[in-house]
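Engineer: please find the sequence and the predicted model below.
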Amino acid sequence: MRNLRGEKLRPPRALEWILKRFLQRDEVYEKLGDFEESYREYLQERGWLAAAAWYLTQIIKAVPSFVSNSYYGSITMFRNYFIAAYRNLTRNKTYSFLNVMGLAVGIAAFLMISLYVLFELSYDRYHQNADRIFKVIAGDQAVTPSPLASALMDEFPEVEAATRLSRSFQDLFRFKNKIFLEDQLVWADEHIYDVFTFPLISGDKQTALKDPNSVVLTEDMARKYFGSENPLGKVLHWTSHNLEADFIVTGVMKNIPDNSHIKGDFFASLKTLTNFPSFSAEDFSWGNYWCHTFFLLREGSDHRILQDKYPAFLESRTGVKHDWDFYNKCLTDLHLKSVDTIFHFSSVSDIQYIYIFSAVAFIILLIVGVNYINLTTALAARRFQEVGIRKVVGAQRFQLIRQFLMESLFLTFLALVMAVALAYFFMPVFNNLIQIDQSVELFRNAILFMALLILGLCVGVLSGVYPAVFMANFTPSGVLKGASSTKSKKKNLRNFLVIVQFAISIFLIISTLVTSSQLHFIRNKKLGFSKDHILIVQLRGKNIMENLFELKQEMLRNPGVNRVSFSTTIPMDISWHNSFYYRNVENPENNHITSHYARVDYDFVDLFEMEIVKGRNFRKEIDHDKNAYIINETIARKIGWEDPVGKMFHNQGRTGTIVGVVKDFHNENMHIPIGEVTLILAPEQGNLMSIKINSENVPGTLAAVEKVWDEFSGGYPFEYEFMDERYDNMYKSEIRLGRAFNYFSVLAVFLCCLGLFGLASFAVEQGTKEIAIRKVLGASVPELVKMLSWKFLKLVFIANLIAWPIAYYFMNSWLQSFIYRVNMGWVMFFIAGITAVFIAFMTVFAQTAKAALANPADSLRYE
Amino acid sequence: MKLLSRSEEIVLITILKLKDKAYGVAIRKKLYEETGTNWSFGSIYTALNTLTRKRYVEKSRGEPTAERGGRHKCLYAVTFEGKKALKEIKKVQEKLWSDLPAITLD
């Protein structure tokens, strides 16, 4: 139809179509009529263009009010969904509980793990120029000589600023009557504030640490010592063993965040140390490695190019060529990628964990998601009627999907709230597990909070979408016909998911077994030396070094001390190597061997109870032993000496006889094969003191030893380590991994069983009548239990078959990293399989037995 | 009793005035006459919707016409409750205004 001007009388179709979307369901046509009528009037008066424009603006203006209007309608519907969900929850209390609890536990575990992972990943990123801050590493040591920092600044234009830091422990600070023992004192020079971002609240960062005896403290410390007084200019008295000094507070800085590799409550000027007579010029020379050197690289420079200049630079400064390379490591890599170095500024972690923990977190989420899908689809049979009726009264498929999705979202968010509560309470337990310290600070972290909501949404939608589509596909006619028409297909999916879950659990159980047996192996393997009741003390200071002989005599006077030995290192940590020359008659070209070495004294071999297989130990009485060597079996074998005793070795200008062969011992960790080891007799050159003590009255002996130490130390604190603890520390990451596997596999198995329990009890409930009839017809209770359990156990058996090869593959590659390792026997797989089957059986047994024992009359009386 | 909002009040009075000819287009025109502004259908429907929900207005189906593309009209009529609500708001307003001395407005 057109008007006199030939214009169409009807509003444009497209606009009308859009308008129709916005209109509420009731009186759509009447309303469209209103619009058309007005449209025609405009058309008549002002023409087509104006009318269309009007129509369009009407649509736009209408949107907000239509939305708010339709909102009311949806609210009623949502309320209905809500009621349906609530009724459904309360009707199946056990299952709902299993469902929500499972989800909550899973999400809580996921939350805790991801908090940990995020925390670890965030280390040191708060510094403004974090990507340009580097640390200088010397070989495998994180410490460097003290002149390095200023030399870097002088020598290289690429270095914008460099600072040296050193940590101190056990410092006593006093202000008036307030005395506290602090262990977070850092000696630093003034450039620390140029390199790092440690904002000062008061004081001048350029000069704060410039002068000796100045200290900058954190706000917490300022409050602790000075309360509300202005700390600037106040004098803190400092004592550390026999050193003491007064410090002037020159600044207050913000507290250093937890995710910082550089930790400290006090930054004291490093120059102060030069004032103490116990610190010699030698301590500040190039030969003494004790400072952590950090520098800020100039923008646009490449730290690798800088690094290549180090060897020449160091040689020119020190006059010697170094056995080890100096190289740069980015600040942000220090925390997670430093397992190859020792003497860290503060404890470090390992990126391996981040990977493993993230994987585990997602596995756990997967398991609970599967639980949800399984239980919901299993329970769906109970909602046939509801879906049928909804469909009959006009619910469309998408509305039903929406309803069930909303339900799963509702449940997930319920679980989310519980998960946060759980995580909050279990965080200390978790921290203890993996030996870190952090807390759930959910509400202080908006991003995390949002992420959690999104996570809830994802879990809700992902695990809800299948059951939702599945239930929305019920046909009303199917409902009328009876509930069994679509059963077998969905059962297949459920079975598949149960298999996946158990395969994961079995995988984790096998991993637990393998890691723990390898750890057991490491801890109990014969090492070739003794590590029990041995104290390791780092020797420091000129005073001690000059009086080693007297120190030893004093130590031995104590009845608790059996032996004392000075050496450059201890048996399990002999990693430095050098070339040793010998005379080779047959092949004069091939005249040296690269061997690990340790400088030891006369007592070394006896103290560590090493076995001499040929020849003898070093002897004090024999004068020409002064230049003697002891080699291990590996060297003798490599060179091909039948009888090495009496042969000569030459190393660094020192020629001596080989007096004995020591039985091979583990000179490094189990990741590395036993290497060539040469023990060089050098009684005065050790920087480690090993003390073998009696197993009785250890505290008394420790106290006595410390007393002797203090007589000689010239103020250096007595820091010791038990050798067996240090040995365990070498495998700290493996031990932590083992422990994590332990707990996570228990959690995974628990969650799987939760799901299986739900499925089993539901299946039994559905089959009560079948069981009753079978019983009436003569089936025995064991037969029934067997029949019912087999349905589920079958799945666990299949899961075993899937998990075994996967576990074999992964654990084998982990074990490959050890040279000395256990064999992965079939026993481990068998044990894991049996455990899983047993736990699964116990889970379903209670349900099946109950069903099998029930009186058939009870279940059949209404038929 | 909750008071009517201003737009609800205006729409309700308009329907009352239109008697049995109150449908979308007519209401909009009348509103233009009364208030001097062009109301969007959206805001009219919103008001009508709330009024319907509050049962101040009831709907019935009118005859279809050609201008409407052959569609029915939706006719609105004020219910007894609607009239009561109008009386209520009138009372409140009169009371409000009566207390106000004329000078304060100047």
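Structural biologist: Perfect, I can see it now. Numbers count the residues shown, from 1 in each chain, chains lettered A, B, ... in the order given.
Engineer: and the helix or strand of chain B with the lowest mean pLDDT, what does it pack onto?
Structural biologist: Within chain B, no helix or strand scores below helix B:41-53, which has a mean of 83 by mean pLDDT, DSSP states H and E. Counting contacts by 3 or more Cβ pairs under 8 Å, 6 or more residues apart in numbering or on different chains; DSSP states H and E, helix B:41-53 is packed against helix A:28-46, helix A:48-91, helix B:6-18, helix B:24-35, strand B:57-61. Every C-beta, even on glycine, is put in place using the N, C-alpha and C of the backbone.
Engineer: could you rerun that using 6 Å?
Structural biologist: helix A:48-91, helix B:6-18 (3 or more Cβ pairs under 6 Å, 6 or more residues apart in numbering or on different chains; DSSP states H and E).
Engineer: what's the biggest helix in chain B, counting residues?
Structural biologist: Taking DSSP state H as the criterion, chain B has its longest helix at helix B:80-98.
Engineer: name the residues that touch it?
Structural biologist: B:3, B:4, B:9, B:12, B:55, B:56, B:57 (Cβ atoms under 6 Å, 6 or more residues apart in numbering or on different chains).
Engineer: now restrict those residues to buried residues only.
Structural biologist: B:4, B:9, B:12, B:56, B:57 (16 or more other Cβ atoms under 10 Å in any protein chain shown).
Engineer: the first one belongs to a helix?
Structural biologist: Spelled out, it's residue B:4. No. Going by DSSP: H, G, I helix; E, B strand; the rest coil, the assignment for residue B:4 is coil, not a helix.
Engineer: three-state assignment of residue A:286?
Structural biologist: Three-state assignment for residue A:286 (three-state DSSP): coil.
Engineer: which residues touch it?
Structural biologist: A:145, A:147, A:318.
Engineer: what's the ChimeraX syntax to select whichever of these are buried?
Structural biologist: In ChimeraX syntax, the buried subset of the contacts of residue A:286 is picked out as below (16+ other Cβ under 10 Å):
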select /A:145,147,318
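Engineer: before we move on, the earlier item: tabulate the contacts of helix B:80-98 (a markdown table), appending pLDDT and distance to chain A.
Structural biologist: As requested, the contacts of helix B:80-98 are exported to a markdown table (pLDDT from 0 to 100; distance: Cβ to the nearest Cβ, whole Å):
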| residue | pLDDT | distance to chain A |
| --- | --- | --- |
| B:3 | 75 | 19 |
| B:4 | 79 | 17 |
| B:9 | 88 | 17 |
| B:12 | 88 | 17 |
| B:55 | 85 | 14 |
| B:56 | 88 | 16 |
| B:57 | 88 | 13 |
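Engineer: nearest to residue A:631 among those residues?
Structural biologist: The nearest member of the contacts of helix B:80-98 to residue A:631, counting by Cβ to Cβ, is residue B:3 at 103.0 Å.
Engineer: with adjacent residues omitted, what lies nearest to the closest one?
Structural biologist: Spatially, and ignoring its direct neighbours in sequence, residue B:3 is nearest to residue B:89 (5.7 Å; Cβ to Cβ, 6 or more residues apart in numbering or on different chains).
Engineer: separation between the one you found and chain A?
Structural biologist: Taking Cβ to the nearest Cβ, to the nearest Å as the measure, residue B:89 falls 22 Å from chain A.
Engineer: next, count neighbours for that residue.
Structural biologist: Neighbourhood size, residue B:89 [other Cβ atoms under 10 Å in any protein chain shown]: 19.
Engineer: circling back: make a markdown table out of the contacts of helix B:80-98 and add distance to residue A:330.
Structural biologist: Listed next are the contacts of helix B:80-98 as a markdown table, based on distance: Cβ to Cβ, whole Å:
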| residue | distance to residue A:330 |
| --- | --- |
| B:3 | 68 |
| B:4 | 69 |
| B:9 | 70 |
| B:12 | 72 |
| B:55 | 72 |
| B:56 | 72 |
| B:57 | 72 |
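Engineer: quickly find the element holding residue A:517.
Structural biologist: helix A:487-524 (DSSP states H and E).
Engineer: now the element after that helix, going C-ward?
Structural biologist: Heading C-terminal from helix A:487-524 (DSSP H and E), you reach strand A:534-538.
Engineer: quick one: residues in contact with that next one.
Structural biologist: Against strand A:534-538 from outside (Cβ under 6 Å, 6+ apart): A:689, A:690, A:691, A:692, A:720, A:721, A:723.
Engineer: contact partners for the third one?
Structural biologist: Residues counted as contacts of residue A:691 (Cβ under 6 Å, 6+ apart) are A:535, A:561, A:564.
Engineer: now these as CSV including distance to residue A:311, neighbour count and pLDDT?
Structural biologist: Formatted as CSV, the contacts of residue A:691 follow (distance: Cβ to Cβ, whole Å; neighbours: other Cβ atoms under 10 Å in any protein chain shown; pLDDT from 0 to 100):
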residue, distance to residue A:311, neighbour count, pLDDT
A:535, 38, 20, 90
A:561, 44, 20, 91
A:564, 38, 24, 92
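Engineer: wait, which of those residues is closest to chain B?
Structural biologist: Chain B lies nearest to residue A:535 out of these, by Cβ to the nearest Cβ, at 83.4 Å.
Engineer: the closest one and residue A:426: what is the separation?
Structural biologist: 37 Å (Cβ to Cβ, to the nearest Å).
Engineer: give the contact list for residue A:50.
Structural biologist: Applying Cβ under 6 Å, 6+ apart to residue A:50 gives the contacts residue A:42.
Engineer: and if you look at residue A:367?
Structural biologist: Neighbours of residue A:367 in contact, by Cβ under 6 Å, 6+ apart: A:501, A:748, A:751.
Engineer: ok so, going back, just put the contacts of strand A:534-538 in JSON lines and tack on secondary structure, distance to residue B:41 and pLDDT.
Structural biologist: Shown next, in JSON lines, are the contacts of strand A:534-538 (DSSP: H, G, I helix; E, B strand; the rest coil; distance: Cβ to Cβ, whole Å; pLDDT from 0 to 100):
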{"residue": "A:689", "secondary structure": "strand", "distance to residue B:41": "94", "pLDDT": "90"}
{"residue": "A:690", "secondary structure": "strand", "distance to residue B:41": "93", "pLDDT": "91"}
{"residue": "A:691", "secondary structure": "strand", "distance to residue B:41": "95", "pLDDT": "92"}
{"residue": "A:692", "secondary structure": "strand", "distance to residue B:41": "97", "pLDDT": "92"}
{"residue": "A:720", "secondary structure": "strand", "distance to residue B:41": "87", "pLDDT": "83"}
{"residue": "A:721", "secondary structure": "strand", "distance to residue B:41": "84", "pLDDT": "84"}
{"residue": "A:723", "secondary structure": "helix", "distance to residue B:41": "88", "pLDDT": "89"}
